[in-house]
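> Please work out how this folds:
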Amino acid sequence: MIPGLLIAAPASGTGKTTVMLGLLAALRERGLQVQPFKNGPDYIDPAFHRAASGRWSYNLDSWAMPGAMLDGMLAACEGAELALAEGSMGLFDGVAAAGACGNGASADLAARMGWPVVLVIDASGQAQTAAAVAQGLARFRPGVMVAGVILNRIASPRHEALVRKGMEEAGLAVLGVLPKRSAIAMPERHLGLVQAEEQPALQALIAEAAQLMREGVDLDALIAAARTTAKASVPARMTPPGQRIALARDAAFSFVYPHLLHGWRAAGAEVLPFSPLADEAPDPSADVCWLPGGYPELHGATLARAGRFRAGLRAFAEAKPVHGECGGYMAMGEAIVDKDGTRHEMAGLLGLVTSFEKRKMHLGYRTATLAGPIPGHAAGSLLCGHEFHYSTILAQPDAPLAEVTDATGAIVPETGSTRLQPGGGLSTGTFFHLIASP
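This next block holds a predicted model:
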């Protein structure tokens, strides 16, 4: 197996993603093939990773993924010379109750894969104290090794000297020093970072981040700090939802985990993309239609006007299964009410009505026990995933699809919906994003 590193931090907002993108691009410029990964549930960062590295980025999740699946994800490293994983939140931040292989913390991956941690330390507003924080992280959990730190948002040479002295006293290697640079800050919106395909100056942003890494990071020392994992890399088998899968794929429906798509294809399934925003209908030759999550609430008017898409989806659903996740679920419903209070009619395969006029965050890991089947999974199946949306349910009249609980085992009201169409087709949807089936 190839050597790897985990890019982590004490908290969110330290600059991990900028460092990750810059490193991917800078190492790629050297001719190095780097396989990116992302800790935990995240659709946005992996798309940026792919743009910077030229390779698909895969999510690794110690809470949702069984051990064999987690280890098998390393098969993505074929042809690469270095694995680079981006952590989430703080290094040890996860949920209270452990899941399949841990609590979802970035440290779980470092320990399981044997990857040393490179800490991105936001040193703004402090000096030697930054070393105390880094030293605490380095000593907190046996089996998690900190290879060194990258100091971010350094204000001056004097500031750098003070922070470096603290790191030296703490016995921590300084692998890089980065100045304050607001120009490459990522834009944000209501569900986090803007998607990669929506960033008009993406390549310029990546190029600037790469230059920052070349100038401020000892890339040779960083590469030398990587360690090889002893884990097997046999991909876990995945059951696709059908043999020919009509997959909604555009700016409104973009949240599909690469490990699912690649797992479906590896199992022999064919994926047939179509764009609801371009008023395209699912291919009638497909045997199942899958509507992923995304941002349909931002495109409500366009989807409401997409007569060919809605008519084609309804015709498809008469005799064949259609499943929607989160945004796809909302688009299968009767209507979406946008943030301005305007109601947009959707496909009407389910009775769901959702509203963004009064936003409420729904966030966290989820376990679902299916009351009825969905494409690829029988009734009674146990599924692991996550929920992340701001919508409020105004109506959910159909039969519940599953009993859904959070990471603590508490029942949540977003059960999903199931409805048998007059022609025998099964329409199902849930706010739950599938990651794995234990």
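> contact partners of stretch 295-313?
191, 251-254, 276-277, 279-282, 284, 289, 322, 327-328, 330-332, 336, 338-339, 342, 344-349, 354, 356, 391 (CB atoms under 8 Å, 6 or more residues apart in numbering). C-beta here means a position set from N, CA and C on the backbone, and glycine is covered the same way.
> Restricting to C-alpha, output it in CSV.
Extracted in CSV, the C-alpha atoms of stretch 295-313 (Å, rounded to 0.1, in the frame of the first residue of the first chain):
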residue,chain,number,x,y,z
TYR,A,295,-30.3,22.2,-3.9
PRO,A,296,-33.8,21.9,-5.6
GLU,A,297,-35.0,24.7,-3.4
LEU,A,298,-32.7,27.1,-5.2
HIS,A,299,-34.2,26.0,-8.6
GLY,A,300,-37.9,25.6,-7.6
ALA,A,301,-39.2,27.8,-10.4
THR,A,302,-37.1,26.0,-13.1
LEU,A,303,-38.2,22.6,-11.9
ALA,A,304,-41.8,23.7,-11.7
ARG,A,305,-41.6,24.7,-15.4
ALA,A,306,-39.8,21.5,-16.4
GLY,A,307,-42.9,19.8,-17.9
ARG,A,308,-41.0,17.2,-19.8
PHE,A,309,-39.1,16.1,-16.7
ARG,A,310,-42.1,15.9,-14.5
ALA,A,311,-44.3,14.1,-17.0
GLY,A,312,-41.5,11.7,-17.9
LEU,A,313,-40.8,11.0,-14.2
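> let's number from 12 now, not from 1
Let's use 12 as the start, then, which means that last one is stretch 306-324.
> What mean pLDDT does it get?
Confidence for stretch 306-324, expressed as mean pLDDT, is 97.
> Please identify which helix or strand holds the residue lying farthest from the centre of the chain.
Distance from the centre of the chain peaks at residue 169, with 38.5 Å (CA atoms, centre = their mean). Element membership for residue 169 (DSSP states H and E) is helix 168-181.
> Helices of the stretch 262-411 of the chain, start to end?
Using DSSP state H, counting those that start in this stretch, the helices assigned to the stretch 262-411 of the chain run over residues 269-277, 311-316, 318-330, 338-343.
> Now do the SS call for residue 101.
Under the three-state scheme (DSSP: H, G, I helix; E, B strand; the rest coil), residue 101 adopts coil.
> count of neighbours near it?
Residues contacting residue 101 under the criterion other CB atoms under 10 Å number 17.
> and if you look at residue 12?
Residue 12: 15 surrounding residues under other CB under 10 Å.
> Look up the closest residue to residue 152, ignoring the ones flanking it.
Sequence neighbours aside, residue 118 is the residue nearest to residue 152 in space, at 5.7 Å (criterion: CB to CB, 6 or more residues apart in numbering).
> Show the contacting residues for the one you found.
Residue 118 makes contact with 19, 102-103, 128, 152, 155 under the criterion CB under 8 Å, 6+ apart.
> now do residue 112
73-74, 76-78, 81, 119, 123 are the contacts of residue 112 under CB under 8 Å, 6+ apart.
> Distance of it relative to residue 80?
9 Å (CB to CB, to the nearest Å).
> for residue 19, same thing?
For residue 19, the distance to residue 80 equals 22 Å [CB to CB].
> any low-confidence regions in the protein?
Within the chain, the ranges that satisfy pLDDT under 70 run 193-211, 243.
> Please repeat the previous calculation with a cut-off of 50.
For the chain, the stretches with pLDDT under 50 are 200-205, 209.
> what's the burial count for the residue nearest to residue 269 when sequence neighbours are not counted?
In space, and not counting its chain neighbours, residue 269 is closest to residue 67: 4.8 Å by CB to CB, 6+ apart. Number of residues near residue 67 (other CB under 10 Å) recorded here: 16.
> Could you do residue 353 as well?
12.
> What residue, apart from its backbone neighbours, is nearest it spatially?
Excluding its sequence neighbours, the residue lying closest to residue 353 (CB to CB, 6+ apart) is residue 311, at 7.1 Å.
> same question, residue 236
Leaving aside its sequence neighbours, residue 236 sits nearest to residue 158 (CB to CB, 6+ apart; 3.9 Å).
> which residues touch the one you found?
By CB under 8 Å, 6+ apart, the contact set of residue 158 is 16, 127-129, 184, 186, 236.
> Check residue 325 too.
Counting by CB under 8 Å, 6+ apart, residue 325 touches 358-360.
> Across the sheet, point out what pairs with the residue nearest to residue 423 when sequence neighbours are not counted.
Leaving aside its sequence neighbours, residue 423 sits nearest to residue 415 (CB to CB, 6+ apart; 5.1 Å). Counting by DSSP bridges, residue 415 forms beta bridges with residue 379.
> can you list the domain ranges for the protein.
The chain resolves into domains spanning 14-239, 255-447 when parsed by automatic domain parsing.
> ok now the longest one, how far from the chain's centre?
With CA atoms, centre = their mean, to the nearest Å as the basis, the distance from the averaged C-alpha position of domain 14-239 to the chain average is 15 Å.
> for the last one, same thing?
Per CA atoms, centre = their mean, the displacement of domain 255-447 from the mean C-alpha position of its chain is 17 Å.
> and the end-to-end length of that domain?
Start-to-end span of domain 255-447 (CA to CA, to the nearest Å) is 20 Å.
> Over to stretch 35-53?
18 Å.
> for stretch 384-404, same thing?
Terminal residues of stretch 384-404 are spaced 23 Å apart (CA to CA).
> For the stretch 62-211 of the chain, which segments count as strands?
Secondary structure of the stretch 62-211 of the chain by DSSP state E, counting those that start in this stretch: the strands cover 69-71, 93-97, 128-133, 157-165, 185-190, 199-200, 203-204.
> could you dump the ones you listed to JSON lines with distance to residue 438?
Shown next, in JSON lines, are the strands of the stretch 62-211 of the chain (distance: least, CB to CB, whole Å):
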{"stretch": "strand 69-71", "distance to residue 438": "27"}
{"stretch": "strand 93-97", "distance to residue 438": "36"}
{"stretch": "strand 128-133", "distance to residue 438": "45"}
{"stretch": "strand 157-165", "distance to residue 438": "48"}
{"stretch": "strand 185-190", "distance to residue 438": "50"}
{"stretch": "strand 199-200", "distance to residue 438": "30"}
{"stretch": "strand 203-204", "distance to residue 438": "29"}
